[in-house]
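> need coordinates for the below:
(2 chains)
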Amino acid sequence: MEMDSLPNGTAASPGPTLGPAPTAAGPPPSSKLSHLANSLKLEHQFLRVPFEYYKKTIRANHRVVEKEISAVINGVSEAADKNDMSSDDAVNHLSSLVSRLQGLKRKLEEGSKTEHLQAQRCRARLDHLESADVESLSEWNNTRVNRILVDYMLRMSYYDTAVKLAESRNIQDLVDIDVFQEAKKVIEALQNKDVGPALAWCAENKSRLKKSKSKFEFQLRLQEFIELVRAENNFIAITYARKYLAPWGTTHMKELQRVFVTEFCKLYGMTLEPLLNIYLQAGLSALKTPYCYDDDCTKEDPLSQEGFRKLALPLPYSKQHHSKLVCYITKELMDTENPPQVLPNGYVYSSKALEEMARKNDGKITCPRTGFICNYTDLVKAYIS
Amino acid sequence: MELTAIKDAFDRVTKKQKLSNSKVQEVFDLIDKEIKQTLQKLQSSNDRESRIDCKSVLADLKAKLKDIAPLSQLESTQKELNLALSKYPKIVEKSFVPDISKAYRNIDFDTHTVNEIIGSHFYRQGLFEVGDCFTSETGESVSALAMKSQFQELFGIVDAMKHRNLEPALNWAMFNSDKLKPNGSDLLLKLHRLQFVEIVQKGNRDRALQYSKACLAPFASNHMVEIQKLMGALLWTGRLEHSPYSHLLSPANWDTVTGELTRLFCNILGQSYKSPLSVTMEAGIRGLPPLLKFMNVMAGKRLEWQSMKQLPVPVELDREFHFHSIFVCPVSKEQSTEENPPMLMSCGHVLCKQSITKMSKNGTKSFKCPYCPSDVNSAQCRPLVF
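Coordinates of the predicted model:
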């Protein structure tokens, strides 16, 4: 008998009390987990860029090895094939090859050091992604905002700020400042009407640019031609070119900078737009409602600020499938926990706010938006589905 | 996040890279050794004046190097490395969204506005040096600088509190006491309480008594219980940690008061508590995955996306991102507008006006509420303002 009733009793009592509790306390952790997982999936560039950089270093180092080793072997073959080589000549020749090997050895050591550092950086990124955890998300999110800001600085060529921000937050391994050092050289040269570094960059990345059918080098060559024409002034044709082609020089330089940045980003697997713009746009749309532009928009809404409103203007409004009611007084969400109540004048506030008001004012309720006064007992509940 | 597969692929890359490097080293050593040996042979033959045929020695070396075949030796490790190098990005691409700009609308953000927002963000996060560097590098006008001095004051106060110095905080709270009152804040009392506990903890009972007379007494009328407790703590001067009042020493008390002060400070400045840039980015990070999913499924709709007035999919944001009441009619699934307001029916359920008009056949007959058995007369419905 007892054996029977005991399990029944224990099973029945905690069931209903424990059941609804987790749902009432905000969204269940599983949805938070999936939100987190979805947001991490956006971090493709975060892993890709350092890896491309690493890969590039490995390839470049290997090319050096191949070049040097074949040079040394050819050196030996040449010497062996020569007929009139004295023993002194042979000694000198071999000594020079040995010192060349010495040089290669140094390069090998340096090369493997850089490779190691870059591999570490790739691994640091993986570890950082893995460290994202629902429990301690706010700090991780702060770091993400800072990472995105550094990305913006680098793309807009605000290098000093990028370095400073990365250092002050200690996130050097999580941002791509060194990758952009490469771009900085090219862009600054283009600003000074020097296409040399850009052409060198093209030569360095020849095969990949060819694969993506890039026209960048052609455009650079064209620009170089224009610059040459501009320097000459003997023939009418050239005067003509100066008159009608050269003015393109300044605008074209800007265009070239843009084209370079596009190719550069493609090569490293970066988005063409700064990450900040992408996230900002999605965020503004997610937050944008017709009420954001009202005068009494709460300060906590980013869209209460002029700058944010201006940016959001050409963007779509958010979409809702379900009602989201925010109490005008407490700014808290009105839901089954804190249901909305209707004043006789049709204005709606949260139960919490109205109860508090009634407690402080002997059961009298004053509508903060119209000044209408009524009794707490005059209120009716509204059911929102 | 499940990164094991990706990490494994990366480990393979580094392993192959090390293998390739040691192979290079090995080949290098072989060549180096052969050449040095030959060199030695030639040199020693010179010393002894015994003439070795240098041509045959060199031919020997050439043959040996050819046997080593250094470049083809490197080939196989290099091939394996290349394989690992091309495999890794593919795995990464599979587990991540490779191009998050697919949901980007092609509009140019005004750089000036964006920079202004970023500048203010730096200052309000207390990154003053970074902010200064940014404003000078961008050459933007200095409207963000107004934030700087205001937030410098805040961070000065917070920093002092970290070092258990309450003076700047008390000065600020007293200076702004008339602005704090309408907020219903008792921040000043909380600050005095922290100060009082500090004095008690340090063991100076006379000073504590003096302090309570000067600074706590004015609060006695409204906060009697609170102050009685503090007076009780006075008995344990110098050994508060062993008393029933030990909770007063918790560092969490400082954190809560610092948080409350920051909130009130921003409030009085007319600024939000959280950086609006951070809030928007967080919303963006939440919003992008469903949008990208939509773009993938509706690849044909990309053109339309550029001109849509409303997002094609809802974005579920946490409650701290809801700043406005949005009423969605449960029948028509449309958001309420001024012309189509939410209406309270006699049973307490709420629908949009248009839905009620439709269900009541233009108000000509009563209808059953879709959510309960009540019969609803459309004339008795009244509009709501949230």
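
> wait, B:Leu240 touches B:Ser246, no?
Yes. The pair B:Leu240 / B:Ser246 is scored as a contact, 6.3 Å apart, by Cβ atoms under 8 Å. Any C-beta I mention is one placed from the backbone N, CA and C, and that applies to glycine too.

> between these two, who's got more neighbours?
Neighbour comparison, B:Leu240 and B:Ser246: the larger count goes to B:Leu240, with 21 against 13 (by other Cβ atoms under 10 Å in any protein chain shown).

> what sits against that one?
With contacts defined as Cβ atoms under 8 Å, 6 or more residues apart in numbering or on different chains, B:Leu240 is in contact with B:Val197, B:Val200, B:Gln201, B:Ala233, B:Ser246, B:Leu248, B:Leu249.

> distance of the closest residue to it other than its chain neighbours relative to B:Trp254?
Of all residues not flanking B:Leu240 in the chain, B:Gln201 sits nearest, at 5.2 Å (Cβ to Cβ, 6 or more residues apart in numbering or on different chains). Going from B:Gln201 to B:Trp254 by Cβ to Cβ, to the nearest Å gives 13 Å.

> low-scoring stretches of the stretch 201-350 of chain B, by residue?
By pLDDT under 70, the weakly predicted segments of the stretch 201-350 of chain B are B:301-302.

> the strands in it, which residues?
Per DSSP state E, counting those that start in this stretch, the stretch 201-350 of chain B carries strands over the ranges B:342-344, B:350-352.

> what sits up against the first one?
Judged by Cβ under 8 Å, 6+ apart, the contacts made with strand B:342-344 from elsewhere in the structure are A:342, A:346, A:380, A:382, B:327, B:329, B:336, B:350-353, B:356, B:381-384, B:386.

> whichever of the residues you listed end up buried, select them in PyMOL.
Buried residues among the contacts of strand B:342-344 (16 or more other Cβ atoms under 10 Å in any protein chain shown), as a PyMOL selection:
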select buried, (chain A and resi 342+346+382) or (chain B and resi 327+329+336+350+351+352+353+356+381+384+386)
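
> need the contact list for the residue of the stretch 251-386 of chain B found nearest chain A.
Nearest to chain A, among the residues of the stretch 251-386 of chain B, is B:Gly284, at 3.0 Å (Cβ to the nearest Cβ). By Cβ under 8 Å, 6+ apart, B:Gly284 lies in contact with A:Ile278, A:Tyr279, A:Leu280, A:Gln281, A:Ala282, A:Gly283, A:Leu284, A:Ala286.

> just A:Lys331 next, same as before
A:Thr298, A:Glu300, B:Phe323.

> so where does the closest residue to A:Ser112 other than its chain neighbours fall, helix or strand?
What sits nearest to A:Ser112 in space, not counting adjacent residues and going by Cβ to Cβ, 6+ apart, is B:Asn21, at 5.2 Å. Per DSSP states H and E: B:Asn21 is located in helix B:4-47.

> that's a strand at A:Glu300, yeah?
No. Counting by DSSP: H, G, I helix; E, B strand; the rest coil, A:Glu300 falls outside a strand, being coil.

> ok, it to chain B distance?
According to Cβ to the nearest Cβ, to the nearest Å, A:Glu300 and chain B sit 5 Å apart.

> chain neighbours aside, what residue packs nearest to that residue?
Excluding its sequence neighbours, the residue lying closest to A:Glu300 (Cβ to Cβ, 6+ apart) is B:Ser272, at 4.6 Å.

> mind listing what A:Leu325 touches?
Shown in contact with A:Leu325 (Cβ under 8 Å, 6+ apart): A:Leu333, A:Met334, A:Asp335, A:Pro340, A:Val348, A:Ile384, B:Ser325, B:Ile326, B:Phe327, B:Phe386.

> which of these fall in strands?
Using DSSP state E, A:Leu333, A:Met334, A:Pro340, A:Val348 are the members of these that sit in strands.

> by neighbour count, which of these wins?
Among these, A:Met334 has the most neighbours (other Cβ under 10 Å), with 26 neighbours.

> run a quick neighbour tally on residue 206.
Going with chain A. Using other Cβ under 10 Å, the number of residues around A:Lys206 comes to 12.

> hmm, I had chain B in mind actually
If you count neighbours by other Cβ under 10 Å, B:Asp206 ends up with 9.

> and it, how close does it get to chain A?
Taking Cβ to the nearest Cβ, one finds B:Asp206 at 40 Å from chain A.

> again, but for B:Ser44
11 Å.

> what does B:Ser212 give?
Counting by Cβ to the nearest Cβ - B:Ser212 and chain A are separated by 29 Å.

> tell me the contacts of that residue?
With Cβ under 8 Å, 6+ apart, B:Ser212 has these contacts: B:Phe196, B:Ile227, B:Leu230, B:Met231, B:Leu234.

> let's see that with 10 Å instead.
Residues in contact with B:Ser212 (Cβ atoms under 10 Å, 6 or more residues apart in numbering or on different chains) are B:His192, B:Arg193, B:Phe196, B:Ile199, B:Val200, B:Ala220, B:Ile227, B:Leu230, B:Met231, B:Leu234.

> now A:Ser350
Counting by Cβ under 10 Å, 6+ apart, A:Ser350 touches A:325-335, A:337-341, A:356.

> and for A:Leu40?
A:Phe46, A:Leu129, A:Glu130, A:Ala132, B:Met1, B:Glu2, B:Leu3, B:Ser95, B:Phe96, B:Val97, B:Ile285, B:Pro289 are the contacts of A:Leu40 under Cβ under 10 Å, 6+ apart.

> from the contacts of A:Leu325, which is closest to A:Gly269?
Nearest to A:Gly269 among these, counting by Cβ to Cβ, is B:Ile326 at 38.1 Å.

> tell me the contacts of the closest one?
B:Ile326 makes contacts with A:289-291, A:318-320, A:322-326, B:335-336, B:386, as judged by Cβ under 10 Å, 6+ apart.

> in CSV: those residues, plus distance to A:Arg309 and secondary structure.
Shown next, in CSV, are those (distance: Cβ to Cβ, whole Å; DSSP: H, G, I helix; E, B strand; the rest coil):
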residue, distance to A:Arg309, secondary structure
A:Thr289, 12, coil
A:Pro290, 12, helix
A:Tyr291, 12, helix
A:Ser318, 15, coil
A:Lys319, 19, coil
A:Gln320, 20, coil
A:His322, 26, coil
A:Ser323, 24, coil
A:Lys324, 20, strand
A:Leu325, 23, strand
A:Val326, 19, strand
B:Gln335, 20, strand
B:Ser336, 22, coil
B:Phe386, 22, coil
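
> among those residues, which pair sits farthest apart?
Of all pairs in the contacts of B:Ile326, the most separated under Cβ to Cβ is A:Lys319 and B:Phe386 at 18.1 Å.

> which stretches of the stretch 1-150 of chain A form helices?
A:2-12, A:14-18, A:21-24, A:29-40, A:44-81, A:87-131, A:137-155 (DSSP state H, counting those that start in this stretch).

> now the residue of the stretch 151-300 of chain A found nearest chain B: which helix or strand?
For the stretch 151-300 of chain A, the residue closest to chain B is A:Gly283, as judged by Cβ to the nearest Cβ, at 3.0 Å. Assigned by DSSP H and E, A:Gly283 belongs to helix A:275-287.

> quick check: next helix or strand after that helix?
The helix or strand immediately downstream of helix A:275-287 is helix A:306-312, counting by DSSP H and E.

> show the contacting residues for A:Asp174.
Just so we're on the same page, residue A:174 is Leu rather than Asp. So A:Leu174 contacts A:46, A:50, A:121, A:124-125, A:128-129, A:143-144, A:146-147, A:150, A:166 (Cβ under 10 Å, 6+ apart).
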